[in-house]
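[1] My questions are about this predicted structure, shown below with the sequence.
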Amino acid sequence: MIVETAKGAMIAWTEGKTLRWKYAKDQAVNTLSEEGTFLSLGALADGSVLLAAERDGVIFVRRLN
C-alpha cells in the first residue's frame, strides 16, 4: 500500500505475517508488528498516517508521525 502525505509517500506492506513500513525517500524499513493482516493506511492533514491492521482477531490502529 502507498499513501501520499505532507511528509512524502509512505509505503506499507506485509512480509509473511510481519507488517513493515517506510517513507519512500528513506532507506530504513520499520517493523510495525511481527504478526498482522488486512493492512490499511490513511493520511491525515497534519502529515501523520493512520495504519490499521488485524492481529489475533482484533483490529488495531497506530498513528505514525
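    Looks like it came in fine. All figures in this text were calculated on a predicted structure; none of them were measured in a lab.

[2] Regarding residue 22, what is its secondary structure?
    strand (DSSP: H, G, I helix; E, B strand; the rest coil).

[3] Please work out how many residues are found near it.
    15 (other Cβ atoms under 10 Å). The way it works is simple: take the backbone N, C-alpha and C, and place the C-beta from them, glycine included.

[4] what's the answer for residue 17, then?
    11.

[5] Against residue 54, how distant is it?
    As for residue 17, its distance to residue 54 is 11 Å (criterion: Cβ to Cβ, to the nearest Å).

[6] again with residue 22
    Counting by Cβ to Cβ, the gap from residue 22 to residue 54 is 21 Å.

[7] Residue 11 too?
    Distance from residue 11 to residue 54, by Cβ to Cβ: 20 Å.

[8] Next up, the contacts around the residue of the chain most remote from its centre.
    Farthest-out residue of the chain from its mean C-alpha position, per Cα atoms, centre = their mean: residue 57, at 18.3 Å. With contacts defined as Cβ atoms under 8 Å, 6 or more residues apart in numbering, residue 57 has no neighbours.
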